[in-house]
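A.B. asks: Here is the input, now give the coordinates:
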Amino acid sequence: MMAPPKFSLYSRVLVFNYHSQLLLVKHPKRGWEIPGGRVREKESIRLAAIREVKQKAGMNIKLIKYCGVFQDLRSHKCELLFIGKPISGRIAVGEEVDDAAYFPVDTAMRMISQRIVKQQIMYCLHEKRHPFIVEY
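C.D. replies: Numbering: from 1, shown residues only. Presented below is the predicted three-dimensional model:
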């Protein structure tokens, strides 16, 4: 009998401020990206998303919408994507990142080097695609 495959589950959030600017965090190796991270054992996906933004950017957010999932078939990694808004706190660079700031979406897209992160943002910005499942 084959053992079931193991998956890594991640939550990521597109956080928009009141000027419709997108929050990015700068990872030391990957560069600028949307905040998020691994869902812990026995942790809800939604709470993981909120926790990761707090840890990396120092602010409390409210999740507004679930957008969809990106699944990496080679690494068995699933990233669930949400849209959120800040509810309290200011940006404070937190764990595992070198910087955090809001940027206009077009500027943010130019700053991000990972193609998959750009795709995630584009899918989340097109509501007609929600909910989506992207396998790559």
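
A.B. asks: can you pull out the helices in this protein?
C.D. replies: 45-57, 105-111, 115-125 (DSSP state H).

A.B. asks: any idea which of those helices is most buried?
C.D. replies: Taking mean count of other C-beta atoms under 10 Å as the contact definition, the stretch among those with the greatest mean neighbour count is helix 45-57, which reaches a mean of 20. C-betas here are computed from N, CA, C, even on glycine.

A.B. asks: which other residues reach that helix?
C.D. replies: Contact with helix 45-57 is made by 9, 11-13, 15, 23, 25, 35-40, 43, 59-61, 63, 80, 82, 84, 89, 91-97, 100, as judged by C-beta atoms under 8 Å, 6 or more residues apart in numbering.

A.B. asks: could you redo the last one with a cut-off of 6 Å?
C.D. replies: Around helix 45-57, the neighbours that count as contacts under C-beta atoms under 6 Å, 6 or more residues apart in numbering are 11, 13, 25, 35-37, 39, 61, 63, 80, 82, 91, 94-95, 97, 100.

A.B. asks: And stretch 26-42, by the same measure?
C.D. replies: For stretch 26-42, contacts defined as C-beta under 6 Å, 6+ apart pick out 9-14, 24-25, 45, 48, 52-53, 56-57, 97-99, 111-113, 117.

A.B. asks: buried set for that stretch?
C.D. replies: 26-27, 32-37, 39 (16 or more other C-beta atoms under 10 Å).

A.B. asks: Also stretch 54-73?
C.D. replies: With burial defined by 16+ other C-beta under 10 Å, the residues of stretch 54-73 counted as buried are 54, 56-57, 59, 61, 63, 66-70, 72.

A.B. asks: Pretty sure Arg12 sits against Lys77.
C.D. replies: No: the pair Arg12 / Lys77 is not scored as a contact, 11.4 Å apart, by C-beta atoms under 6 Å.

A.B. asks: These two - which one has more neighbours?
C.D. replies: Arg12 (23 against 14; other C-beta atoms under 10 Å).

A.B. asks: Who does that one form a beta bridge with?
C.D. replies: According to DSSP bridges, Gly36, Leu81 are recorded as the beta-bridge partners of Arg12.

A.B. asks: measure it to Met2 for me?
C.D. replies: Computed with C-beta to C-beta, to the nearest Å, the distance linking Arg12 and Met2 is 30 Å.
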